[in-house]
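**Student:** got a sequence here, can you build the structure:
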Amino acid sequence: MLAFWCGSLMVGIGVVLHLPMFWMGRKMGFRLAGMPMTDAMFIGMALIVLGFIAAGVGLRPGRRPSLRLAASISPPADMPLTGAHWLQMGILGVALIIDVMKAATLGFVTPGMAAEYGLTRAAVSVLPFVALIGTTVGSFMWGALADFYGRRASLLLAAVMFMGTAICGTMPSFHWNIFMCFTMGLAAGGMLPVANALLAEIIPTKHRGWCLVLLGGIGTVGGYFATSEASALLQPFFGWRIMWLIGFPTGLILIALSPLMPESARFLLKMGHVDLARATFARFGTVIAPDAETPAAADGCRALYEGLAQSPELPAVIANAVAGRRRLALWGTSAALTLAALAWGFVNYGVLLWLPTTLISEGRSVGLTSAIIARSTLIAVPTIAVATYLYSAWSTKRALIAAIAVITLGLIAMLLRHDAALPWLANPVLSVALLIVGTSAVISYLLPYAAESFPIRLRGRATGWVAGCSKSGGVIAQGLAALALVPALGLAAGLVAVPAVLSLLLVATFGHETRGLDLRELETAPAAPADV
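**Tutor:** Residues are numbered from 1 along each chain as shown. Coordinates of the predicted model:
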């Protein structure tokens, strides 16, 4: 780990070399626009890049000492949560709060940035658009990296980059801010999907569902609360730039907590590190049986294949049929979650953001419009609690279908809002409430369900893909807004309802129940009798 710690130190020094520029502006209200970049800042940038590379080298997976996996290594499905489990949930909760803070910060810095650089509203809107593109690319990138590099390694490497992008708060020109904001989004985009993949492989089956959903909700609520509190406390004294600079100490917190964050034991098994996997399981209070003590299920499979061995061609036919059904189910689930994520992005970053302008253009006052949205938003407060209960105590598949159905009903209500035959839909409170409740529930379910639906070799990429698609819908919606191509609200709702309905049908057809599912069942594949 020497390379990792040295790389982290280099990144930290690189950020510190930018702080004199920030402090030089204290007599001007921390306004840095038009000031020249110093040599120390360029040296700091070089150190950040080199430090990131060094940290990546230090976190790279070791060579596989053994490719033979011990089938008996697994924690009991009904084991209780131990102190180690709660510690990991706490660390990952901190990581998600810090992750959400980056995105939430944009809303607090744009007014001050527009005033300092003399930007129009249209010009400053480029910043969140670029940041959203960065988070989209980051979700795809870190999700794929988690499958090859490791869950823990990907989270820590993202934290190192996250810490380095704090220098965005010292950039004296808007163009530098745009570039650094994209990099900041790139670093933050992978935290949530990788954290879901890691947690799914750590938490016992009995508690996995509610832990995943609840942690995502806590990260979102905690991130926005921490950002608003930090803005209220710090911006009056240090200006808008401090909201990006606090990424430095918060990133340091994640780096400091890294010794307490183990790698996923299931990923270690996949990489062939059986001894490390045993040690990690033991860390969570699991006693590992010797390899010779294979589960009774394996004995049953062996007996089955011995019986089928009398017909040598039959096992191969069964194996091919089962493998084909599994591939079809994976493709169907992938398509379902992709469409659901895109629909969520369109609604969250498009329909709900365009709604106030539409209502005002229809003659409603700003105050009334704000009141309508505020009342509807209040309904979403208990949604996380209800969503957590339904996902863990009722059914994961049916809870996701119900959440998508609520979004679909909200979109249809928005589409039919001006239908004279349905006057009770004229009040937008119903449609807005359905959309807010639906989007809150869907985003709570998407990543946990993806993490529980794909085998370990695909889990990081699957969660990263779904997270990236949810942001891709936002990128498209915001791109339409930037090009002044926003469709009428009813038309937009009708168009978004199409992928929502398709995703609902695909989940119902190809989705499977993950409540109580042992993740080992996703890894099993038919084998020839000699391989049992």
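**Student:** list phi and psi for the spatially most central residue of the chain.
**Tutor:** Most central in the chain under Cα atoms, centre = their mean is Leu192, positioned 2.8 Å from the mean C-alpha point. Here is the backbone geometry of Leu192 (degrees, to the nearest 10): phi -70, psi -50.
**Student:** show me what contacts it?
**Tutor:** If you count contacts by Cβ atoms under 8 Å, 6 or more residues apart in numbering, Leu192 has them with Leu96, Asp99, Ser139, Gly216, Gly219, Leu447, Ala467. C-betas here are computed from N, CA, C, even on glycine.
**Student:** how about Gly56, nearest residue that isn't a chain neighbour?
**Tutor:** Using Cβ to Cβ, 6 or more residues apart in numbering and skipping residues adjacent in sequence, the residue nearest Gly56 is Leu157, 5.7 Å away.
**Student:** next: Ala3.
**Tutor:** In this structure, Ala3 finds its nearest non-sequential neighbour in Gly58, 3.1 Å apart by Cβ to Cβ, 6+ apart.
**Student:** what number of residues lie near Glu521?
**Tutor:** By the criterion of other Cβ atoms under 10 Å, Glu521 has 11 neighbours.
**Student:** that older thread, may I see the ChimeraX selection of the buried members of the contacts of Leu192?
**Tutor:** To isolate the buried subset of those in ChimeraX, counting by 16 or more other Cβ atoms under 10 Å, use the following:
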select :96,99,139,216,219,447,467
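**Student:** quick one: the helix or strand harbouring Gln235 to chain centroid distance?
**Tutor:** Here Gln235 sits within helix 205-238, counting by DSSP states H and E. Averaged C-alpha coordinates place helix 205-238 at 13 Å from its chain's average position (Cα atoms, centre = their mean, to the nearest Å).
**Student:** what's it packed up against?
**Tutor:** Contact partners of helix 205-238 among helices and strands, from 3 or more Cβ pairs under 8 Å, 6 or more residues apart in numbering; DSSP states H and E: helix 83-117, helix 191-202, helix 242-245, helix 383-389, helix 429-453.
**Student:** buried stuff in the fourth one?
**Tutor:** The one in question is helix 383-389. For helix 383-389, burial by neighbour count (16+ other Cβ under 10 Å) applies to Thr383, Ile384, Ala387, Thr388.
**Student:** which residues touch Ser453?
**Tutor:** Contacts for Ser453 were tallied using Cβ under 8 Å, 6+ apart; they are Thr333, Leu337, Ala462, Gly511, His512, Thr514, Leu522.
**Student:** quick one: contacts for the second one?
**Tutor:** If I follow you right, that is Leu337. Contacts of Leu337 (Cβ under 8 Å, 6+ apart): Leu446, Tyr449, Ala450, Ser453, Ala462, Val466, Cys469, Ser503, Val507.
**Student:** would you reformat those as TSV and include pLDDT and distance to Leu434?
**Tutor:** Shown next, in TSV, are those (pLDDT from 0 to 100; distance: Cβ to Cβ, whole Å):
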residue	pLDDT	distance to Leu434
Leu446	90	18
Tyr449	92	21
Ala450	91	24
Ser453	90	26
Ala462	90	28
Val466	91	22
Cys469	90	22
Ser503	93	16
Val507	92	18
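**Student:** the stretch 401-532 of the chain: helices as residue ranges?
**Tutor:** 429-453, 456-482, 489-510 (DSSP state H, counting those that start in this stretch).
**Student:** which parts of the last one are buried?
**Tutor:** Buried residues in helix 489-510, counting neighbours by 16+ other Cβ under 10 Å, are found at 489-490, 492-497, 499-504, 506-507, 510.
**Student:** got it, and the first one?
**Tutor:** For helix 429-453, the buried set under the neighbour-count rule, 16+ other Cβ under 10 Å, comprises 430-453.
**Student:** where does pLDDT dip in this protein?
**Tutor:** Residues of the chain meeting the criterion pLDDT under 70: 62-78, 286-324, 356-357, 359-360, 362, 364-381, 420, 423-426, 523-532.
**Student:** on that earlier part again, ok, the residue nearest to Ala3 - how many residues close by?
**Tutor:** The burial count for Gly58: 19, using other Cβ under 10 Å.
**Student:** ok, it touching Met10?
**Tutor:** No. Using Cβ atoms under 8 Å, Gly58 makes no contact with Met10, being 11.4 Å away.
**Student:** so which of the helices of the stretch 401-532 of the chain is nearest Ser264?
**Tutor:** helix 456-482 (8.2 Å; Cβ to Cβ).
**Student:** packing partners of the closest one?
**Tutor:** Counting contacts by 3+ Cβ pairs under 8 Å, 6+ apart, helix 456-482 packs against helix 126-149, helix 191-202, helix 265-270, helix 313-346, helix 352-361, helix 429-453.
**Student:** quick one: which of those helices is nearest Gly209?
**Tutor:** Among those, the nearest to Gly209 by Cβ to Cβ is helix 429-453 (6.8 Å).
**Student:** tell me the gap between the closest one and the middle of its chain.
**Tutor:** Using Cα atoms, centre = their mean, the offset of helix 429-453 from its chain centre is 14 Å.
**Student:** between it and helix 489-510, how many degrees?
**Tutor:** Angle of helix 429-453 versus helix 489-510, following axes from the mean of the first three to the mean of the last three Cα atoms, to 10 degrees, is 30 degrees.
**Student:** tilt between helix 429-453 and helix 205-238?
**Tutor:** Put simply, helix 429-453 runs at 120 degrees to helix 205-238, going by the same axes, to 10 degrees.
**Student:** my read: Ala187 touches Cys168, true?
**Tutor:** No. Ala187 is beyond contact range of Cys168, at 10.8 Å (criterion: Cβ under 8 Å).
**Student:** sorry, back to before: closest to Lys206 out of the contacts of Leu192?
**Tutor:** Nearest member of the contacts of Leu192 to Lys206, counting by Cβ to Cβ, is Gly216, at 18.8 Å.
**Student:** list the contacts for the closest one?
**Tutor:** By Cβ under 8 Å, 6+ apart, the residues touching Gly216 are Leu96, Leu192, Asn196, Ile443, Ser444, Leu447, Pro448.
**Student:** now do the third one against Ala103, distance only.
**Tutor:** Taken as Cβ to Cβ, to the nearest Å, the spacing of Asn196 relative to Ala103 amounts to 17 Å.
**Student:** who's more crowded, those two?
**Tutor:** Legend: neighbour count by other Cβ under 10 Å for Asn196 and Ala103, higher for Asn196 (32 against 21).
**Student:** next up, the contacts around the more buried one.
**Tutor:** Each residue near Asn196 by Cβ under 8 Å, 6+ apart is listed here: Leu212, Gly216, Leu447, Pro448, Ala450, Ala451, Thr463.
**Student:** what does Lys471 give?
**Tutor:** Leu132, Thr135, Thr136, Ser139, Gly189, Gly345.
**Student:** tell me which of those is nearest to Leu458?
**Tutor:** After measuring the contacts of Lys471 against Leu458 - Cβ to Cβ - the closest member comes out as Ser139, at 15.1 Å.
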